[in-house]
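K.L.:
Only the shape, not the letters, is given here:
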C-alpha cells in the first residue's frame, strides 16, 4: 500500500501518527485511493472549520465558571442582563457562516465523490458484479467469465465499477481504505466505484447486521499490477471449479466464507475465499430479476431465509 | 396449525427450560435475567402484601389522575428500565472486551442484547423519563391545576407501561427481536425471523407509541389552553417552549413509526408484502418511514432536555436566561428542521448526489440553532453568581461532551464522511455522545433539581456529585474510544472482531462501562441515603434553589390542586420578581372552591388489557387477543357513562392548608446561597441583588 498526499511534512506526520496508533491500516485515514483520500481531506476540513465555533466554548466555560463562582465577591453581577446585539449577531452569524462554507464544500464533494461516477484513470475500467450472501460476498467478473468468493482482485490505477445486489437481506459493502459504503438490496442494483493507486491488500466488509455470521463477512480487496492481475486470472481459471446454477444454490446458503469453502471445496487463495473458473449464464441478472418477476419467492427459494432449500432453488434457470 | 389454547407458546419458549436443556454461559445469563424479572416481580408482590400496601398503591397511585403522581410513576418506570438498559450495555461491553475471536455470548444472544438495549433506552427510559418530568413540571410552571386531559394522561402512562412490560416479558417467555432497535426488514420479516422476536418489538412499539402520541396531544393542549392569566406565550419559562416543540414532534413523528410497525405486522401476520423481498415489497419504504419518525424522535428527546438546562443554568447562576427570544427561535427552528433531515440516516442507499447534498445541508443547518443555544447558556453564566451544585456538574459535562457530539454530528451530516463511518462504531459513539451527555445528563440534572419539589426533601449532595462525576468519566471512557474504532472501520453490532489492534480500545470502553455501572449504583445509594436523611434534607417550604418560576412559589410537595389560588403572571421569571418586590408569600384576598378530577382505574384496565393483547398477538393466542381487545374497548366505552367525574375541594380546607404553610414560611429562617446544600435550607431563599445597582443595558 502506498500513501497519497505525502508531499507535505504535516501529511507525513499525520500518517505516521495514525500508523502508530493503529495496528490495522484498513481505514480511510490511511487512504489507498483518491476517494478515501478526498474523504479524509473532508474529515479534517470539517474539524478545522467547526473548531472556530467549538473552541470558544471549551476555553470560556472554565474561565467563566471560575471568575463568576459564588464566593468571588469582586466579580460583576448583572442578574437582569439578558441581551446584547453584538453577542446576538455573533452567536447566530458565526455558526451560519461556518455552515454556509461547509455547505458549499459539501455540495461540491458530494457531487465529485458520487459513488456512481467512473473514476479518472488511463486504464480501461473493469466491471465486477457483487452479490451479498449471508455472510460472504460473491464477486462475478462478467467480462472475464470468472467469479470469486471473498476475494476482489483488480489492477491498480483502474476504475472498478461494482454493481451490487443481494440474494438475501440488506447488506452494505465497505472498503474503507478505498471508498465509502453503499447498500446492497434484493431486487435492486446499486453502484460503487473504487480505484487503488498502487498494489496493496485492503480489507472489505459488510457493515449492515444480517445475522449470526455477520462479523465474519469480510473480504480482501487486492490491487495488483496489470501483469499480476493477468496471472491471477489464469490462476483462478486453473484452480477454480465452474459455478453452476446448482453450485450457486448451495453457495447461497447461510454460511461464512470458510464454511462455504469447506462445503464447496476449493484451492488457492485464503481459507475463506473460493475461486470459480466460469459462471453459468447471466447469474447477476437472474438474481436481480428473481424478486421482481411478479411471482412469489417462497422461503425455500430465498437464501438466508428459514427453510431455504438449495435443491428447490437449483431447478431455476439462470439464462 | 398452532395450539388453539396456547398458540405457539410451548415449554421451550421459557428461558429457564432453554437453560436447563442447554446450559451454556449465554443461556444461563438469559435464565438469570429471566429469574431477576420473576424474582423482582415476586418480591414486589410480597412486599406489597406484607406491608399491606395494595390498597394505598391502588387508591393513591395507580388510579390517580394527578399529573404529579403520573409524572413520578413515569420516572420510576424509566429508572427501573434504565437499570436493565445499563446492565445490558455493560454486558455488551464485556462481551466485546473479550470479543477477539470469541467471548462468552452467542451471536443470537448478543443481537438480542443490542436490540433490547436500544429499544429500552429510547422508548422505555428516555421517553418515559421525559414524559415524567414534563408531566410533573409543566402544569406547575404555567400555573395550571392539572393536564388538559387527566384521564387520557393516565391512559398514556398505561400504554407506555404496557410496552415496557412486553419487553420485560420477552426475557422470560420467547425471545426479543435480533434486528436492532430500528428492526429493518427484510431481516425482521417472517421469512427470515419467523419466531416471536420481531413481534415483541412491533407490539411494544405500537402500543407505547399510541400512548406517546396521546401524551403529545395532552401536553400541547395543556400549554395552549391551561396557562394562568397573564402567562402569555412569551412569558413562559423556556422549558414550556421546549415542551411545545416536543409535543408537536410527538404528534406528527410518532404516527409514521406506528404505521411502519403495523405494516410490518401485516407482512408478518397476514402475508402482506409491504417490505418483503418478493411481490413488490420494498424495504426502502420501511427505512424511510422509520427515520421519518426516528430523526424527529431524537429531537423529541433532546429538546425538552434543552429546556431543563435552560431552567437549571439561570437558577444556579442567579441570573435571567440570556437571549430568551433567541432560545425560542432556536428551539422552534430545531423542531421544524428535525422533520427535514431523516434521509441522513441512509445516505448510502444509492440515491443521487443532489438528494444527498440537500439532506446533508439541512442536517448541518441544525448545528446553527444548536450552537446558539450553547452560546446562550454560556452567556447566562457570564456575570452570574454560580453555585456548582450537582445539576451544574451535569451542565458542565454537557457543555464539553455534547459539543464533541455536535462536531461529529456535523461530520455525519456530510454524505462523503457518512459513506465511510455509517454503520460503524463511530456512529454508535456519536449517538451515545449526544444522548448521554445531552438527554441523560439533562434528565439526571432535572431529577436532582425538581426532586425536592416532588418529595419535600433534597437529594444527598455528596452522592449526587459522585454519581455525576462518574457518569461524565464513564461516558468518556466508554464512548470516546469507539470513535477511533469506528474510524478503523469496525462495524456496529459485531459480537466478535478479528483485529488485535482493536483490543486496547475495547478494554478502555469496558473500564468506562464499569464506571457507568458505579455511577448508576451511586444514584441508587443517593436515593437510599436521601430517604434515610429526609429530615435533615427537608425543604418543605418549596424554594430550595432560589428558583425563578411558579413551581417554586408553592409548598413541597405541592397540594393536589397545585395552587391555592391561580397566580396572576406579570412577567418572565415571575417568582424571582415576586420575591424581589415582596409580592411572594402574600395571602390571597379570597379562596374559592376547586373542582378536581376523580380517580379512575381506566388507565390500569387499559394497561392490563393491552399487555394481554400484546402477549396474545406475539404468541398467536387468538382467543385471548380478541377477549382483551374487546375488554379494553368495553372499558373505554363504559368510562364514557360515568357522569360524575370531578369532586369539589372546599375553599375552607384550601384556606386552612395554605395559611398553615404561610405561617411556617413566616417563622422560618431564609437562607442565602452559601447554605443552599446545608441542613438550614428549608426552602426559603433570600433574594440576591448586586451590591450596587447596575444601569440597565
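P.N.:
That came through, no problem. Bear in mind that the values here come from a model prediction, so they are computed numbers and not experimental data.
K.L.:
in chain B, which segments are predicted with low confidence?
P.N.:
B:1, B:692-697 (pLDDT under 70).
K.L.:
same thing but 80
P.N.:
Counting by pLDDT under 80, chain B contains low-confidence residues at B:1-2, B:691-697.
K.L.:
Taking it, what residue is nearest to chain A?
P.N.:
Closest residue of chain B to chain A, CB to the nearest CB: residue B:419 (2.2 Å). For every residue, glycine as well, the C-beta is placed using N, CA and C.
K.L.:
Skip the chain neighbours and tell me the closest residue to that residue.
P.N.:
Nearest residue to residue B:419, sequence neighbours excluded (CB to CB, 6 or more residues apart in numbering or on different chains): residue A:180, at 2.2 Å.
K.L.:
on that earlier part again, how about the residue of chain B closest to chain A, what does it touch?
P.N.:
A:39, A:113, A:115, A:179-182, B:347-348 (CB atoms under 8 Å, 6 or more residues apart in numbering or on different chains).
K.L.:
Residue B:326 now?
P.N.:
A:88, A:91-92, B:372, B:376.
K.L.:
Could you say which helix or strand holds it?
P.N.:
Following DSSP states H and E, one finds residue B:326 within helix B:324-337.
K.L.:
could you point out which element follows that helix?
P.N.:
Assigned by DSSP H and E, the successor of helix B:324-337 is helix B:353-365.
K.L.:
For the stretch 151-300 of chain A, which residues are neighbours of chain B?
P.N.:
A:168-170, A:172, A:174, A:176, A:179-183, A:185-188, A:190-191, A:203, A:205-215, A:218, A:291, A:294-297, A:299 (CB under 8 Å from any CB of the partner chain).
K.L.:
returning to what we had before: just the buried ones from the contacts of residue B:326?
P.N.:
With neighbours counted by 16 or more other CB atoms under 10 Å in any protein chain shown, these contain buried members at A:88, A:91-92, B:372, B:376.
K.L.:
Residue B:115 in helix, strand or coil?
P.N.:
When classified by DSSP: H, G, I helix; E, B strand; the rest coil, residue B:115 comes out as helix.
K.L.:
In chain A, what residue lies closest to chain B?
P.N.:
residue A:180 (2.2 Å).
K.L.:
how's chain B carved up into domains?
P.N.:
B:1-52, B:53-600+B:645-675 (automatic domain parsing).
K.L.:
Of those, which stretch is the most buried?
P.N.:
Mean neighbour count, computed with mean count of other CB atoms under 10 Å in any protein chain shown, is highest for domain B:53-600+B:645-675 among the domains of chain B, reaching a mean of 21.
K.L.:
Now the terminal residues of that one, how far apart.
P.N.:
37 Å (CA to CA, to the nearest Å).
K.L.:
Now do it: distance to the chain's middle.
P.N.:
3 Å (CA atoms, centre = their mean, to the nearest Å).
K.L.:
hey, where'd the helices end up in the stretch 1-150 of chain A?
P.N.:
A:9-21, A:34-67, A:85-112 (DSSP state H, counting those that start in this stretch).
K.L.:
for the longest one, packing partners?
P.N.:
For helix A:34-67, the elements it packs on are helix A:85-112, strand A:179-184, helix B:367-381, helix B:390-412, helix B:415-421, judged by 3 or more CB pairs under 8 Å, 6 or more residues apart in numbering or on different chains; DSSP states H and E.
K.L.:
quick revisit: which of the contacts of residue B:326 sits closest to residue B:580?
P.N.:
residue B:376 (23.0 Å; CB to CB).
K.L.:
Run a quick check on the closest one versus residue B:319, I expect a contact.
P.N.:
No - in this structure, residue B:376 is not within contact of residue B:319 by CB atoms under 8 Å, at 11.7 Å.
K.L.:
so which helix or strand takes in the residue lying closest to residue B:583 once chain neighbours are set aside?
P.N.:
Leaving aside its chain neighbours, residue B:583 sits nearest to residue B:577 (7.5 Å; criterion: CB to CB, 6+ apart). For residue B:577, the host element (DSSP H and E) is helix B:574-581.
K.L.:
That helix: what's the following helix or strand?
P.N.:
strand B:594-597.
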